[in-house]
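S.K.: Next comes the sequence, and after it the predicted model I'd like to discuss.
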Amino acid sequence: MAFVLSSPAFTEGATLPQAQVYNGMGQSGQNLSPALEWKGAPEGTKSFVITVYDPDAPTGSGWWHWVVANIPASVTSLPEGAGSGKGGLPAGALQVRTDFGVPGYGGAAPPPGPVHHYVFTVHALDVLQLDVTAESSPALVGFMVHHHSLGAASLTAVYGGKAS
């Protein structure tokens, strides 16, 4: 079975719903992390990390919208709003600082211009947890994920430009 990530909120290549758009920076969304579901994790998976990344942000390094580490291997879904303070993160899971400067989900907020891509990824890891804190950077988490990855599954939505 292939490692697959899906969401009831959107499909691959679809426009991100307003519920998942940031409320600020010129946007008026609900800033709710989407419900996510995954299956087919690689054998030996001990934990998961979820990331949301916009490679199109005009920063020279993209934009990290959400990073959740230390999700137990027994968990295969998160409800809508889990990253937005609405409950639903499993015990032990830890949200780290994003490019908004604080931990938690930050929705799509592209500047006027072309469409942006929002890459939701679940990473399967060979360790029970990463040694990170809420103040850790997405780059540090990414470095650790790189060294402990058993596989990843992604789902990409778009927002902005002509797609919003």
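M.R.: Yep, that arrived. Numbering: from 1, shown residues only.

S.K.: Flag the shaky bits of the chain, pLDDT-wise.
M.R.: 162-164 (pLDDT under 70).

S.K.: Recalculate using a threshold of 50.
M.R.: 163-164 (pLDDT under 50).

S.K.: ok, so what distance separates the nearest residue to V68 once chain neighbours are set aside from V67?
M.R.: Using Cβ to Cβ, 6 or more residues apart in numbering and skipping residues adjacent in sequence, the residue nearest V68 is I50, 4.5 Å away. Where you see a C-beta, it was placed from the backbone N, CA and C, and this is true even at glycine. According to Cβ to Cβ, to the nearest Å, I50 stands 7 Å off from V67.

S.K.: Same drill for the two, tell me which one is more crowded.
M.R.: Using other Cβ atoms under 10 Å as the criterion, I50 and V67 rank with V67 on top: 29 against 23.

S.K.: Output the helix or strand that the more buried one is a member of in CSV with nothing but the alpha carbons.
M.R.: For V67, the host element (DSSP states H and E) is strand 63-72. What follows is strand 63-72 as a C-alpha-only set of coordinates in CSV (Å, rounded to 0.1, in the frame of the first residue of the first chain):
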residue,chain,number,x,y,z
TRP,A,63,7.1,30.1,3.9
TRP,A,64,6.4,27.6,6.6
HIS,A,65,2.7,27.7,7.6
TRP,A,66,2.5,24.8,10.0
VAL,A,67,4.9,22.3,11.7
VAL,A,68,3.7,19.6,14.1
ALA,A,69,6.2,17.1,15.5
ASN,A,70,6.0,14.0,17.7
ILE,A,71,2.6,12.7,16.5
PRO,A,72,2.4,9.1,17.7
